[in-house]
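1. Below: sequence and its predicted model.
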Amino acid sequence: MVPGRRYRGIIYMLLAAAGFSLMGASAKMVKETFSAGQLVFWRNMMGALVLVPGLILRPPQKKTGGKIGWLVFRGFMGTVAVYALLYCVINMPLGTAMTYNLTSTIWIALFSFLVFREYAGKPVIIAILLGFAGMVLVYQPNIHMPWYFHFAGFISGICSGIAYLTVGRLSSFFDARLIVLSFVSGGIIIPLLSTCIQYYSGLPADGVWLIKWQWPVGGQWIWIIGMGLFALFGQYFVTRAYGSDKASVVSAISYANIVFSVFLGVLMGDHFPDIISLAGILCIICSGIMISVFKERSKRGGI
């Protein structure tokens, strides 16, 4: 490895974690006026305004193609994950919302074993159990928040995990930007369909399944644009990080997102996590790091 390359990977992932945390903070700044569905639309619209011109100027690389159904499925799963994440961001502390989203590593490990029979050793099984214990501690039934907020958090992590798994399967068939575009397109089309259904049916908007159209006004544009740009910033540096070092290293550093999000959340008025929630967050972080490290070793035959 070129000297210093590992440090570049760590720095890139820290930048990515900061970007995703700032995306969540930007969304939280307009939570009083924008619903989760509206935020999903504007987040992805900002992404499309950057991504589509790039595809026009530099057309996607030709690969084998096919697997259109999987591409659509990836877009749908990614959209559901962002719906759930932004719903959590506007209804619970930012650090808790991001913690649930980052349980995706745990779900990836579980689904890889159950669906693809990828066994990475007993330490990974122990790490998965530790992660689930952490989720229970963060959940703390009937104490702080309605159960459906936590349920949205579980959906965020599960769908993110499924989306990441499909990316791995699609990378040999499509240009990476087309895979991202499938996600961005889903995040535009689905909220627009919800908006049309709400408008023509006359049913009251619920902010998730039925969305009322809303333009940002005045200073709201700063947070809406920031939300989209910070998301792209995070995605860009995630790509750079994984291209600069071992997946086990950068995956472990990605949990800095939780630390940044807790800090930003407290600055924005969130309560600092209590001792039980903090223990759950630490369990999830340790679980994710263990899974990343031991899966990497198992690939090299180290377990």
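-> On my side now, so go ahead.

2. Surely residue 39 touches residue 88?
-> No. Using C-beta atoms under 8 Å, residue 39 is not in contact with residue 88; the gap is 11.5 Å. Quick note: C-beta positions are derived from backbone N, CA and C, even for glycine.

3. What is the burial count for residue 154?
-> Using other C-beta atoms under 10 Å, residue 154 is surrounded by 16 other residues.

4. Any figure for the gap between the closest residue to residue 210 other than its chain neighbours and residue 204?
-> The shortest distance from residue 210 to any non-neighbouring residue, by C-beta to C-beta, 6 or more residues apart in numbering, is to residue 198 (4.0 Å). From residue 198 across to residue 204, the span is 8 Å (C-beta to C-beta, to the nearest Å).

5. Mutual contacts of those two, please.
-> Here residue 198 and residue 204 have residue 210 as joint contacts, going by C-beta atoms under 8 Å, 6 or more residues apart in numbering.

6. These two - which one has more neighbours?
-> Higher neighbour count among residue 198 and residue 204: residue 198, with 20 against 8, using other C-beta under 10 Å.

7. right, and that one touches residue 214 too?
-> No. Counting by C-beta under 8 Å, residue 198 stays clear of residue 214, with 11.5 Å between them.

8. Find the nearest non-adjacent residue to residue 133, please.
-> residue 283 is the one closest to residue 133 (C-beta to C-beta, 6+ apart), at 5.5 Å.

9. distance between the helix or strand where that neighbour lies and the chain's centre?
-> Taking DSSP states H and E as the criterion, residue 283 maps to helix 275-299. Offset of helix 275-299 from its chain centre (C-alpha atoms, centre = their mean, to the nearest Å): 17 Å.

10. Let me know the average pLDDT across that helix.
-> Helix 275-299 comes out with an average pLDDT of 81.

11. ok, now stretch 33-41?
-> For stretch 33-41, mean pLDDT rounds to 93.

12. May I have that stretch exported as CSV, CA atoms only?
-> Extracted in CSV, the C-alpha atoms of stretch 33-41 (Å, rounded to 0.1, in the frame of the first residue of the first chain):
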residue,chain,number,x,y,z
THR,A,33,-42.8,23.1,7.6
PHE,A,34,-41.7,20.1,5.5
SER,A,35,-42.9,16.5,5.8
ALA,A,36,-40.7,13.4,5.3
GLY,A,37,-42.2,12.8,1.8
GLN,A,38,-41.5,16.4,0.8
LEU,A,39,-38.0,16.2,2.0
VAL,A,40,-37.4,13.0,0.1
PHE,A,41,-38.5,14.7,-3.1
